[in-house]
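Chemist: here is my input; please provide its structure:
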Amino acid sequence: MSLLGQSSSLFKIRIASGEHQGFYVGPASSGLLTRPKADADEALLLKGFTYMLYTQEGAAIHFGSSVALQVQAELRDLGVDSELI
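Modeler: Residues are numbered from 1 along each chain as shown. Got it, this is the predicted structure:
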């Protein structure tokens, strides 16, 4: 997705492929364990990632364009493809 002309827009980030496809990036939460897979109503913490992944879109954070690109870069560094929605 091109962010030209959308500097004031807010975006959610969704995992685009792989075993966590369809999960949304949301706030980190203490007390949850890292798991290789999450159940339908759980959150998932990827090792080395600042945020958590959630199955429910309602848990997603709305990111400004510059932060969204930084989060996508962090995911790419972990080998995870994502998309802005």
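Chemist: switch to C-alpha atoms for all contacts and neighbour counts from now on
Modeler: Noted.
Chemist: partner strands of the helix-or-strand element of the chain with minimal mean pLDDT, parallel or antiparallel?
Modeler: Ranked by mean pLDDT, DSSP states H and E, the helix or strand of the chain with the weakest confidence is strand 43-44, at a mean of 86. If you go by DSSP bridges, strand 43-44 pairs up with strand 52-54 (antiparallel).
Chemist: strands paired with the helix or strand that comes right after the partner strand, and their directions?
Modeler: Following strand 52-54 in sequence order, the next helix or strand is strand 63-64 (DSSP states H and E). Note on strand 63-64: by DSSP bridges, its sheet partners are strand 10-11 (antiparallel).
Chemist: where does the prediction get shaky in the protein?
Modeler: 1-8, 30-41 (pLDDT under 70).
Chemist: ranges for the helices of it?
Modeler: Per DSSP state H, the chain carries helices over the ranges 65-77.
Chemist: so which residue is dead centre in it?
Modeler: Val25 (2.4 Å; CA atoms, centre = their mean).
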